[in-house]
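Participant: take a look and give me a structure for this.
(3 chains)
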Amino acid sequence: MAFVFSSLKVLPVVRSSGVRFFSATASRMDNVETTLNPTGYSVISMNKGPANSLNMEFIQELTQSVRKAEGESKGILLTSSLPTIFCAGLEITEMYKPDMVRLREFWSSLQDLYLALYGCRVPTVAAINGHSPAGGCLLGMCCDYRIMVGPKYSIGLNETQLGIVAPYWFKDTMVQTIGSRQAELSLTLGLMYTTEQALSLGLVDKMVSDKDEALVEAEKMLIALMRVPSEARHVSKMSIRKDIYDRLSAGKQEDIDYFANFIVQSVIQKPLGQYLDALKNKKKKKSV
Amino acid sequence: MAFVFSSLKVLPVVRSSGVRFFSATASRMDNVETTLNPTGYSVISMNKGPANSLNMEFIQELTQSVRKAEGESKGILLTSSLPTIFCAGLEITEMYKPDMVRLREFWSSLQDLYLALYGCRVPTVAAINGHSPAGGCLLGMCCDYRIMVGPKYSIGLNETQLGIVAPYWFKDTMVQTIGSRQAELSLTLGLMYTTEQALSLGLVDKMVSDKDEALVEAEKMLIALMRVPSEARHVSKMSIRKDIYDRLSAGKQEDIDYFANFIVQSVIQKPLGQYLDALKNKKKKKSV
Amino acid sequence: MAFVFSSLKVLPVVRSSGVRFFSATASRMDNVETTLNPTGYSVISMNKGPANSLNMEFIQELTQSVRKAEGESKGILLTSSLPTIFCAGLEITEMYKPDMVRLREFWSSLQDLYLALYGCRVPTVAAINGHSPAGGCLLGMCCDYRIMVGPKYSIGLNETQLGIVAPYWFKDTMVQTIGSRQAELSLTLGLMYTTEQALSLGLVDKMVSDKDEALVEAEKMLIALMRVPSEARHVSKMSIRKDIYDRLSAGKQEDIDYFANFIVQSVIQKPLGQYLDALKNKKKKKSV
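Facilitator: Residues are numbered from 1 along each chain as shown, chains lettered A, B, ... in the order given. Down below sits the predicted model:
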C-alpha cells in the first residue's frame, strides 16, 4: 500500500487529449493509482476490477489517497481506470451476514472517506467515465464539479431498489446537489439516470463523449478552481457544506450504531441475499 | 358515508385509456368515490359539485378515504370526478363570519388530511384533471407525483389574491417542491400557473392532454412506486418530508390558535366578504 | 443630503418607454436620485460615478432613500443613473488599511441597507442596467424581482476572486435565490454571469435589451405586486425570508466583529492592496 510521490524519472507523456502526465510521479496502492499532473493536481484513479466496488480496504486506500493528495498537491481529479464503470458503490458482501466488528469499521471507513472528500481543502473534480450507482454516485457528489461521459452510462442513488435506504448524509448531499423535490423522487424510486438526465437535473455539471475529453474538461475546471485564492475558495465551499459536514462529523458513532442495527434486520438481509444470488447466477451464465 | 371494499361482483371494466377498473370494488362516501384498481391501488375521486371545495365534512371524508386506502390497498391515485375542476380549495364560507368552534374543527380536519396524505405509507399520485387553486394545489403537492391535464387548466397557491396568507405548512411544502425563490414569487403574487408553466417550474411532474391519459400515466408511476420495496421507499420519502411533517404534527394546536385569531381580523374578513359577494353576483348573472 | 418629496412644479414627462415620471416629485441626495412615479412607486436611482461603489456615505444615503420610499410610496424601483454600471459593489478603500472605528460603522451601515431592502414592506424591483458584481449583485438579490439588461452585462458574487469571502448573509441570500449547488459553484469560483446565464440560473428573472425596456417591465411587475393586498403580500414574502433576515438582525454585532477581524488579516489585506494597485495602473494608462 505504498504511496510515494517519486521524482526520479520525469517523463512527460502527452496524451491525445492534451492533458500531460508525468509518469515518474505516479504512485500505486493496491487498487488506487495516483499520478501527479505537472499542473499541480493529483489524478486519483480507482482500479479495483471488476467494478471498483467499495469494500473496507479499498475505501481506506481511497481515503489515504485523498488525504495524501490534499497535503501534497493543489487539486484532485477523481476517475476510474476501468473501461465502463466509475464505481459500483458499496460492496454488498460487507453488509450481508456481516461480522459486526468489521461492519462497524467498514461504516466508519466510509464516513471518513466521505468527510475527506466532501470537505477537501483542495479543489476536487470527478471525471465519471462509467456507471456510477449508489456509493459511486456519492463519491461524485462529494467533488466540487462533476464531468460525466455519456450518453451510455448511468448514475444515481438506487439503494431503495435493493430494499435498503441511503443514509441521511447521502440524502443531504443529494438534496444539496439537485434540490428536495428531485432528491425525493430519486430516492423513493431508487432512480438511475442517464448522463443526459443527470445533466439536466444538475446531478452532473458537464457531459462529454469520452474519457479523454472528460480529463481535458476536468483539468480546465481544476485550473480555474486552483486560480482562486485557496483560503477564500475553501471557506466559501464550506459555508455551503458546513451543516452537512458537521452533522456527520459530530454524529459518527450514532450513525454507525444506526447502520449496524438497521442492516442486520431480516427484512434488509433477505433482499441483499437475493441480490447476491442473482449476481452469482449472472456470473455463472457468463462463464458458461 | 359508507366505505366498503366489496368483492361480490367482480366486473372488469376496460376503459379506452387501458386502465382497468373493477366496478365491484367501488365504494362511495357522500362526495368521495373510491375504486380499487386490480393492480392493487385505490382510485380516490373527489365528486362534490360544483367545485370540490373543501368544507369540513368533505375534508373529513377525504381523510377517511385516504386512511382506508392506505390500510387496504397498495397505492392511491387521487383525482376528480368533475369535468373541469380538480379541487377549488378551501370553502370560503367556512372562514367568513365563522362559528369559532366549528372553525377550529375545520382547521384541525384540514391538518389531518394534510398529514394523512403528505406522510402516506403507500405511494400517492395525483391526476390533476382540472383547475387546482390554493387547497387544491396543496392536495396535489402532498402526493408523491403529479400528472396534470393541459394546457387549459391552472394551479397555484393564490391565497394572497384574497388577502389571506398560505399557512406555513402550505409554504414549506411549496418550497420543497419548487424551491425558495419560485415559492416566494408564487406566494407574494398569489400566482396561478398554466399546466405548462407548472411543469417547467416542477410544480407538476408531467403534462398530459386529457384525463384518460392522466390515469394511464398515474398508473404507470404507481406501478413503478409499488415495485420498490415499500419500507425502504417510505423511509426514503419521509427522510425528505420529516421536518415539515413533524413541525405541523407537533404544532397543531398552536397552528389552530394562530389561524383562528388570524382569520377573524376585520382586515381579513372584509376581502373574504367581498369575494363571496362577487361570487354571488356571478351566479346571479349566470342564472339570468 | 436633502430628501424632499416636493410637489411644487408638476411636470409630467412621457418617456419613450411609456413610463411617465413627474419631475416635480424628484428629490436628490448627494448620490441618490429619488423620483415618485405617478403610479405610486419610487424610482431610486444610484448616481455616484464612476461605478456606484458602495462607500459608507453612499450606503447610508441608499438606506435612507429606501426607508423614505417605503414610508411614503407604494413600491421601489431600484436602478442606476450610470451608463454601464448598476453597482460595482463595496468600495475597496473602505476595507484596505482601514480605520477600525469607521470600518465597523461601514459594515453596520451595509447590514442596515441589506435589512431595509431585503425586508422592505413595499414591493421592490431591480432594473439592473449595467454590471453588477459583489455588493451590486447583493442589492439586486434583495429585491422582490430582478430585470436585467443584456446581453453585455455581468452579475455575480465574485468576492473569492479578490481573496475575500462573501459574508454568510450574502451566501444565504444567493442560496435562496439560485439553490445550494449553483451558489456553491458560484461562490467558490467567484463567478460573474452574463445576463443570459443569470437568467437561466434564476439569478435574474427577466432579460431585456435596454434600460427603457427594463423600466417598463419593472413598472409592470411593480403594478402586479402593488395590486396584491399588501399585508398578505408582505407576510408571504417574509415567511420565505424570515430565517435569513432574523439571523442577521439578531447577529449584527457578532457579524461586525467577525468581519473586522477577518478583513485586517495580512492574507486578506495583501490581495486587496494588489487589486487597488492594479486599478491605479489601469487609470494611469487610460489618462495617458
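Participant: who in chain A is up against chain B?
Facilitator: By the rule Cβ under 8 Å from any Cβ of the partner chain, the part of chain A lying against chain B is A:159-166, A:168, A:171, A:175, A:179-185, A:187-190, A:267, A:271. All C-beta atoms are positioned from the backbone trio N, CA, C, and that covers glycine.
Participant: buried ones among the residues you listed?
Facilitator: For these, a burial check counting by 16 or more other Cβ atoms under 10 Å in any protein chain shown picks out A:159-166, A:168, A:171, A:175, A:179-185, A:187-190.
Participant: okay, A:Pro271: pLDDT?
Facilitator: The confidence metric pLDDT takes the value 84 at A:Pro271.
Participant: from A:Gly273, how far out is the nearest residue to it once chain neighbours are set aside?
Facilitator: By the measure of Cβ to Cβ, 6 or more residues apart in numbering or on different chains, the closest residue to A:Pro271 outside its immediate chain neighbours is A:Gly163, 3.6 Å from it. Distance from A:Gly163 to A:Gly273, counting by Cβ to Cβ, to the nearest Å: 11 Å.
Participant: same check, this time on A:Lys237
Facilitator: Counting by Cβ to Cβ, the gap between A:Lys237 and A:Gly273 amounts to 41 Å.
Participant: now do the strands in chain A.
Facilitator: Counting by DSSP state E, the segments of chain A that form strands are A:12-14, A:20-22, A:27-28, A:32-36, A:42-46, A:76-80, A:124-128, A:132-133, A:145-149, A:154-156, A:193-194, A:206-208.
Participant: can you lay out those strands as a markdown table showing distance to chain C?
Facilitator: As requested, the strands of chain A are arranged in a markdown table below (distance: least, Cβ to the nearest Cβ, whole Å):
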| stretch | distance to chain C |
| --- | --- |
| strand A:12-14 | 28 |
| strand A:20-22 | 24 |
| strand A:27-28 | 28 |
| strand A:32-36 | 23 |
| strand A:42-46 | 19 |
| strand A:76-80 | 14 |
| strand A:124-128 | 11 |
| strand A:132-133 | 17 |
| strand A:145-149 | 7 |
| strand A:154-156 | 15 |
| strand A:193-194 | 15 |
| strand A:206-208 | 11 |
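Participant: closest one to A:Pro98 among those strands?
Facilitator: strand A:132-133 (20.5 Å; Cβ to Cβ).
Participant: is it true that A:Val267 touches B:Ser230?
Facilitator: No: with the criterion set as Cβ atoms under 8 Å, A:Val267 and B:Ser230 do not qualify as a contacting pair; they are 10.2 Å apart.
Participant: if we can go back for a sec, now the strands of chain A as a markdown table including mean neighbour count?
Facilitator: Formatted as a markdown table, the entries for the strands of chain A read as follows, by neighbours: other Cβ atoms under 10 Å in any protein chain shown:
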| stretch | mean neighbour count |
| --- | --- |
| strand A:12-14 | 10 |
| strand A:20-22 | 16 |
| strand A:27-28 | 16 |
| strand A:32-36 | 22 |
| strand A:42-46 | 25 |
| strand A:76-80 | 26 |
| strand A:124-128 | 30 |
| strand A:132-133 | 28 |
| strand A:145-149 | 27 |
| strand A:154-156 | 25 |
| strand A:193-194 | 20 |
| strand A:206-208 | 21 |
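Participant: which one of the ones you listed lies closest to C:Leu199?
Facilitator: Evaluated over the strands of chain A, closeness to C:Leu199 peaks at strand A:206-208, with 19.9 Å, by Cβ to Cβ.
Participant: for A:Gln111, which residues are in contact?
Facilitator: Contacts for A:Gln111 were tallied using Cβ atoms under 8 Å, 6 or more residues apart in numbering or on different chains; they are A:169, A:248, A:252, A:255-256.
Participant: hmm, I typed the wrong one, I wanted A:Arg247.
Facilitator: Counting by Cβ under 8 Å, 6+ apart, A:Arg247 touches A:168-169, A:172.
Participant: as JSON lines, the residues you listed with distance to B:Pro151 and pLDDT would be great.
Facilitator: As requested, those are exported to JSON lines (distance: Cβ to Cβ, whole Å; pLDDT from 0 to 100):
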{"residue": "A:Tyr168", "distance to B:Pro151": "39", "pLDDT": "97"}
{"residue": "A:Trp169", "distance to B:Pro151": "41", "pLDDT": "98"}
{"residue": "A:Asp172", "distance to B:Pro151": "37", "pLDDT": "98"}
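Participant: out of those, who's nearest A:Ala51?
Facilitator: After measuring the contacts of A:Arg247 against A:Ala51 - Cβ to Cβ - the closest member comes out as A:Trp169, at 22.8 Å.
Participant: so A:Tyr145 is in contact with C:Glu184, correct?
Facilitator: No: taking contact to mean Cβ under 8 Å, the distance of 9.9 Å between A:Tyr145 and C:Glu184 leaves them out of contact.
Participant: thinking again about what came up before, are any of the contacts of A:Gln111 buried, and which?
Facilitator: Neighbour counting by 16+ other Cβ under 10 Å classes A:169, A:248, A:255-256 among the contacts of A:Gln111 as buried.
Participant: contact partners for A:Lys282?
Facilitator: The contact partners of A:Lys282, by Cβ under 8 Å, 6+ apart, come to none.
Participant: distance of it from chain C?
Facilitator: When distances are taken as Cβ to the nearest Cβ, to the nearest Å, A:Lys282 and chain C turn out to be 36 Å apart.
Participant: do the same with A:Asp172
Facilitator: As defined by Cβ to the nearest Cβ, A:Asp172 lies at a distance of 10 Å from chain C.
Participant: how many residues are close by that residue?
Facilitator: The number of residues packed around A:Asp172, counting by other Cβ atoms under 10 Å in any protein chain shown, is 19.
Participant: what separates it from C:Met226, distance-wise?
Facilitator: With the distance defined as Cβ to Cβ, A:Asp172 ends up 40 Å from C:Met226.
Participant: cool, A:Ser80 as well?
Facilitator: Counting by Cβ to Cβ, the gap from A:Ser80 to C:Met226 is 57 Å.
Participant: quick one: buried residues of stretch A:67-86?
Facilitator: With burial defined by 16+ other Cβ under 10 Å, the residues of stretch A:67-86 counted as buried are A:67-70, A:73-82, A:85-86.
Participant: what is the end-to-end distance of it?
Facilitator: Start and end residues of stretch A:67-86 are separated by 20 Å (Cα to Cα, to the nearest Å).
Participant: pretty sure A:Met29 sits against A:Gln64.
Facilitator: Yes: A:Met29 is in contact with A:Gln64 according to Cβ under 8 Å; the separation is 7.1 Å.
Participant: quick one: which of these two has more around it?
Facilitator: Between A:Met29 and A:Gln64, counting by other Cβ under 10 Å, A:Met29 is the more crowded of the two (21 against 18).
Participant: what about that one, distance to A:Ile59?
Facilitator: Following Cβ to Cβ, the distance that separates A:Met29 from A:Ile59 is 12 Å.
Participant: go on, A:Ile223?
Facilitator: When Cβ to Cβ is the yardstick, A:Ile223 and A:Ile59 sit 29 Å from each other.
Participant: can you check A:Thr84 too?
Facilitator: 21 Å.
Participant: check A:Val122 too.
Facilitator: Relative to A:Ile59, A:Val122 is positioned 20 Å away (criterion: Cβ to Cβ).
Participant: what does A:Gly49 give?
Facilitator: Distance from A:Gly49 to A:Ile59, counting by Cβ to Cβ: 16 Å.
Participant: between the two, which is the more surrounded one?
Facilitator: More neighbours sit around A:Ile59 than around the other of A:Gly49 and A:Ile59, counting by other Cβ under 10 Å; the figures are 24 against 12.
Participant: who touches that one in this structure?
Facilitator: Counting by Cβ under 8 Å, 6+ apart, A:Ile59 has contacts A:106, A:109-110, A:112-113.
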